[in-house]
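**Q** I need the structure of the sequence given here:
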Amino acid sequence: MIPVLVFFFQHGGRVAAAGCWSPADSKRSFKFPSRPGRPSCHATMPNMLNVHLVPHTHDDVGWLKTVDQYYYGDRNDIQHAGVQYILDSVVDQLLKNPDRRFIYVETAFFFRWWKQTAPVLVSFSGRLEFVNGGWCMSDEATTHYSAVIDQMTMGLRFLNETFGPCGRPRVAWHIDPFGHAREHASMFAQMGYDGFFFGRLDYQDRDRRRTDKDQELLWRASDSLTPPMADLFTGILPNGYNPPDGFCWDQSCDDPPIRDDPDLEDYNVDDVVNRFLMIASGQSLVYKTNHIIMTMGSDFQYENANLWYKNLDKLIHYVNARQANGSKVNVQMRLDDFFPYADNAHNFWTGYFTSRPALKRYERLSNSYLQTCNQLEVLGGPFSGSGPFGHDDSWTMRRAMAVAQHHDAVSGTEKQHVANDYARRLADGWQHCQVVVSNSLAALSGSSAKRIYCDNLNISVCPLTESSHKFSVNVYNPLARPVTWPVRLPVNGTAYTVLDANGKPVDSQVRKNRGSAANELLFQVQAPPLGFSTYSVSLQRRGPPPASTRPRTPPAIQNKFLRATFDPDTGLLSSLSNLETKQTIRLTQNFYWYNASDGNSSVSNQPSGAYIFRPNSSTPFVISRTAKTESLQTSVVQEVRQWFSPWVSQVVRLYADSRALELEWTVGPLPVDDDLGKEVITRLDTSIDSSGIFYTDSNGREVLQRKKDFRPTWDLEQTEPIAGNYYPINSRAYIKDDVNQLTVVTDRSQGGGSIQNGSLEIMLHRRLLYDDVRGVGEPLNETSDVFPEGLVARGRLLLTLDRPQSAADTHRPLAQEVVLQPLLTFTSGDLHPNTRLEFSGLQDALPPAVHLLTLSQWGEDSVLLRLEHQYQSGESKQHTQPVTVNLQVRHTHTHTHTHTHTLSLPPCHCHPAGQTRTHSLSLPLSWLHTVSPTVTCQVAGRSHTHTHTHTHIPNL
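**A** Sure, this is the predicted structure:
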């Protein structure tokens, strides 16, 4: 048998975060150096099998219980778990033995515990290490990269400010997410992590990797970044994230303890050591190196850490009493991702890509709210936090959004009451941000008139616009380029005058409404970059609802860019044309539903559930082969309303200046009185010869190629022809051939695939009657007081048709508009004559390739500014080019001073070129004395981080 050396794991020789704790300061403002007298890592032996034991707990930031219930140990009738007791117990045990180690992940919980716990007065250098370091362990399929960066920033900032440089995690640790995105690996590499460990991957992929000893790899996580900028050492854990069989010593486990008194009849040291050595030896056969890892812990374990450590100490002692030799190394490379994930032949975890569609949309909308709140907190200066509407800041919203990135939050895999709690937190965060936004807009506009937020516009409800004779609409644009945006407001009048910020009339239209109000007012607005524009609306006439719709299918709707035709017999879409490029494709679209498996089949007993998608048949049921239609054609918008059934309808809409055809779908409540769970899709069938290939984005950023029934790094035996070909779509998917590319931009994370050549299907909604036996313990069957018959979901798909070589020039900015959409606020009556009706935080828009990713308050005297190049390498002739940006930070309010930051943004293998432009950012001098923006500049995915600090003390 291979000689074995066993010890507690610790990463790379760094002193770990909590290892820096000191009794010297009781104020918790720590910047501790490492202690050279006490190395944090145990010595390894090159001629032995080195077994790294990793004591850990996996503490979900919400799953079966809410975040608060998990922290306090409440509702143990659902699950016995109390995070505060885990941390209390672990710290106590670490203090008792300097050789013990522990890793911790979820900063959201540690932050709360640290605030409530007295400073530890005994140094235990190197014993507690933070890994990952984000506010939570984010989901990798349904999260947008901007929100992931924000939640990582929150956690890492707390660790840095609390523990200094030694609090910096060096290992990314994603042991529980249900598949792994390439963009996450790319972000971790760019953040400076040395390695990445995860536990879940497809069972066929794992079997192949075990056979080939290919469980350690170099993940090349970007096509655009110059190696090794996005290269990340990646290790696959041997047992998910659980301990080896027979070696779980938690109070929740039944394995026998180590009984090491030889005078006792049940002495078992030899048996335990022999079993451990056999497990270690077997594990060494599926890894290439003489270093293997064993996770010693699991969900919410170590509440009584003494049980674990007493036995681990004994295990290490007795195993190391026997010693000897072994090793050769070769690391393989991976270029794709780890989706979809299956744990067995008929168990594909692809349902959660769509589960809880309303929560997924609310999370995405909340991200847009948060970015607007962050920006206005900066632009409004000190008035944003303390003004006529009260005192507040953005932190409640930041924390709510960070928690929502958890892999059992936006993923939709939590219990219903926990989903409700996530939504409640987001709503509460937005209430706090509304104070900030109102104060800031008051400061920037010079008007302290009360601002109204119509949060129910998605269902055509806004009491102010429905009742007021005169009101104004403030349109704030969080993008760093101007936008044109359609506004649809519920009203009860039949004629209105709309004036822009310059007092010029705006073309508008009133038509019959779908909501509680009689009518709907439509007009298009324009807003400057990082700023607002104000529109005034006046009632001109009341009366009966206008007869603006016609109960027939028009032959086509079109503007100067696109033309969409309809089949007069069925009412369905029949073709789409790009009038600029003279392209036309056959395009038919309809709605279908898959009959969800109830687990009662001879092939498998696996039902569809919150995690798993398993249809009973590869052929979905068509909801209707025809649609009842009404049409509306005005100078503002042309649309066709389609009704497929009492629970499926759609509006096909084309605005006057839009390059995208909008499909606004409404699905629900899904009927289940036939005892059949339903998974509803929309399918686009085209004349594009896609050859079984389609493309999806990774966390809203780079795009990956997908191929039906294929995995790039291993031979797939396909057992689920539908679910096994579904992938996460975070913001877009497309199919193409040499001539045409059809791109679909989504408004939330969804699952989809290309099951047939030239076809793209996207799952919109799911209602299931059985639990899929993955721990959540209840079926995905969403009802509420509002929707007692079942959830009704509404959303948008935006379709573009372009030449493949220029398609990104349309879909990249379009996707950013959907993620960061304008915020509408309202005031009643006439505006004050001195009100500022238009404002921009930029002197000029940023270049089309450059996206303003972050502008937020960092400290009292500093802001965080991130810029990125939003185009992937090679996807655009026009925009995948070098960009040089000169930033002049211009302080407003009383004084004006300029700091210039010149940022070169080259793509791969290119040198800076092109014309230099100057872009000024307006910031309040009285609020911003130190400008310390961390500017993440990314071209085609390439990332450079520049930190510039210019300190200026104004002459007041």
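
**Q** how about the residue most central in space within the chain: what's its closest non-neighbour residue?
**A** For the chain, the residue sitting closest to the mean C-alpha position, by Cα atoms, centre = their mean, is residue 143 at 1.7 Å. Here the nearest residue to residue 143 in space, its sequence neighbours aside, is residue 405; by Cβ to Cβ, 6 or more residues apart in numbering that works out to 5.2 Å. (C-beta placed from N, C-alpha, C; glycine too.)

**Q** ditto for residue 304
**A** In space, and not counting its chain neighbours, residue 304 is closest to residue 251: 4.8 Å by Cβ to Cβ, 6+ apart.

**Q** all helices for the stretch 251-400 of the chain, in order.
**A** In the stretch 251-400 of the chain, the segments counted as helices under DSSP state H, counting those that start in this stretch are 269-284, 305-319, 357-379, 382-385, 395-404.

**Q** now the longest helix belonging to the chain: buried residues?
**A** What stands out as the longest helix in the chain, according to DSSP state H, is helix 416-445. Going by neighbour count (16 or more other Cβ atoms under 10 Å), the buried part of helix 416-445 is 416, 418-419, 421-423, 425-426, 429-430, 432-445.

**Q** low-confidence regions, the stretch 251-400 of the chain specifically.
**A** Scanning the stretch 251-400 of the chain for pLDDT under 70 picks out 323-332.

**Q** walk me through the domains of the protein.
**A** Following the TED database, the chain resolves into domains at 4-12+45-117+128-348, 597-626+656-819.

**Q** give the contact list for the residue lying closest to residue 712 once chain neighbours are set aside.
**A** Leaving aside its sequence neighbours, residue 712 sits nearest to residue 336 (Cβ to Cβ, 6+ apart; 4.6 Å). Residue 336 makes contacts with 182, 704, 711, 712, 713, as judged by Cβ atoms under 8 Å, 6 or more residues apart in numbering.

**Q** which element is residue 694 on?
**A** Assessed by DSSP states H and E, residue 694 sits inside strand 693-697.

**Q** describe which strands that strand pairs with in its sheet and in which direction.
**A** Sheet pairing for strand 693-697, assigned by DSSP bridges, gives strand 703-707 (antiparallel), strand 732-736 (antiparallel).

**Q** which of the contacts of residue 336 has the largest number of neighbours?
**A** Within the contacts of residue 336, most neighbours by other Cβ atoms under 10 Å means residue 182, with 25 neighbours.

**Q** need the nearest residue in space to it, chain neighbours excluded.
**A** Once flanking residues are discounted, residue 182 sits nearest to residue 337: 4.2 Å by Cβ to Cβ, 6+ apart.

**Q** what does residue 66 give?
**A** Leaving aside its sequence neighbours, residue 66 sits nearest to residue 421 (Cβ to Cβ, 6+ apart; 4.1 Å).

**Q** now the one you found: how far from residue 861?
**A** Plainly put, residue 421 is 36 Å away from residue 861 if you go by Cβ to Cβ, to the nearest Å.

**Q** my guess is residue 435 meets residue 388, correct?
**A** No - shown here, residue 435 and residue 388 do not form a contact pair, counting by Cβ atoms under 8 Å, at 10.0 Å.

**Q** so what sits against both of these two?
**A** Residues touching both residue 435 and residue 388 (Cβ under 8 Å, 6+ apart): none.

**Q** tell me the mean pLDDT over stretch 877-897?
**A** Averaging pLDDT along stretch 877-897 gives 69.

**Q** and what of stretch 848-868?
**A** 93.

**Q** can you check stretch 420-428 too?
**A** 98.

**Q** run through who's touching it.
**A** 62, 66-68, 359, 362-363, 366, 396-397, 399-401, 403-404, 409-410, 414.

**Q** and the residues you listed, which are buried?
**A** By neighbour count, with 16+ other Cβ under 10 Å, those hold 62, 66-67, 359, 362-363, 366, 396-397, 399-401, 403-404, 409-410, 414 as buried.

**Q** can I assume residue 855 is in contact with residue 864?
**A** Yes - between residue 855 and residue 864 a contact is recorded at 7.4 Å, counting by Cβ under 8 Å.

**Q** quick one, which of these two is more surrounded?
**A** When neighbours are counted by other Cβ under 10 Å, residue 855 and residue 864 differ, and residue 855 comes out ahead with 24 against 20.

**Q** so that one sits in a strand?
**A** Yes - counting by DSSP: H, G, I helix; E, B strand; the rest coil, residue 855 is found in a strand.

**Q** which residues touch it?
**A** Counting by Cβ under 8 Å, 6+ apart, residue 855 makes contact with 374, 375, 378, 530, 863, 864, 865, 866, 921.

**Q** any idea what it is bridged to?
**A** The bridge-partner assignment for residue 855, based on DSSP bridges, gives residue 865.

**Q** can you check the pLDDT for residue 17?
**A** 36.

**Q** strands of the stretch 1-150 of the chain, start to end?
**A** Per DSSP state E, counting those that start in this stretch, the stretch 1-150 of the chain carries strands over the ranges 4-8, 49-55, 102-104, 128-130.
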